[in-house]
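Undergrad: I would like to see how this sequence folds:
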Amino acid sequence: MTTTTTPADARALGLAHYAARAVLERVLTRHDLDFQQQIVLRPLTLAAGPVDRGRLTADTVAALKTDEDSVDNTIDELIAAGLVAADASEVRITDAGRALYERIVRETSAASARIWGGIPEEDLLTAGRVLTLVAERANAELAGTGR
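TA: Below you'll find the model as predicted:
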């Protein structure tokens, strides 16, 4: 595989994001799950116990730059599918939800290894710093504090 060296910019970032997301969505589609549902399942799978639904909604809104109604609908879809259970104001992953999430991770790990493998650690660290800075600046713009 040949790569050309060009400066990072919004277009390059977007193209990389959409290419990687398409790989993930191919797997999600096989399991009748969409991207936002998978994003909601992740913190529930990693949590040691139930999660406050309001916190989960707020965190997902912040991460995906979407609205609360959309995230609440996604949580309701996951509850209806039996992947998430609700108790009062808390939600938790069910055994079926955990099994599905873990299956998706297994199915995407080989592609992830091919995508990320062979990139020098120094390059990954530099890219990580740049992407963190870009995200911070974009979030500042969205918050109206950008210059």
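Undergrad: Now do the strands in this protein.
TA: Along the chain, the segments classed as strands by DSSP state E run 51-52, 84-87, 90-93.
Undergrad: and Pro43, which of these is closest to it?
TA: Between Pro43 and these, the shortest gap by Cβ to Cβ is with strand 51-52, which sits at 6.5 Å. C-beta: built from backbone N, CA, C; applies to glycine.
Undergrad: tell me what that closest one is packed against?
TA: The helices and strands touching strand 51-52, judged by 3 or more Cβ pairs under 8 Å, 6 or more residues apart in numbering; DSSP states H and E, are strand 90-93.
Undergrad: what's in contact with the strand it packs on?
TA: Strand 90-93 has contacts (Cβ atoms under 8 Å, 6 or more residues apart in numbering) with 41, 44-45, 47, 49-53, 56, 75, 79, 83-85, 101.
Undergrad: Partner strands of it, with direction?
TA: When pairing is defined by DSSP bridges, strand 90-93 lines up against strand 51-52 (antiparallel), strand 84-87 (antiparallel).
Undergrad: Export those strands as CSV, with columns for mean neighbour count.
TA: What follows is those, written out as CSV (neighbours: other Cβ atoms under 10 Å):
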stretch, mean neighbour count
strand 51-52, 16
strand 84-87, 16
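Undergrad: Could I get those strands in a markdown table, plus columns for mean pLDDT and distance to Ala138?
TA: Listed next are these as a markdown table, based on pLDDT from 0 to 100; distance: least, Cβ to Cβ, whole Å:
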| stretch | mean pLDDT | distance to Ala138 |
| --- | --- | --- |
| strand 51-52 | 97 | 26 |
| strand 84-87 | 96 | 29 |
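Undergrad: follow-up on the earlier one: so which of the contacts of strand 90-93 sit within helices?
TA: In helices, defined here by DSSP state H, the members of the contacts of strand 90-93 are 41, 44-45, 53, 56, 75, 79, 101.
Undergrad: Among the residues you listed, name the buried ones.
TA: Members of the ones in helices among the contacts of strand 90-93 that pass the buried threshold by neighbour count (16 or more other Cβ atoms under 10 Å) are listed as 41, 44-45, 53, 56, 75, 101.
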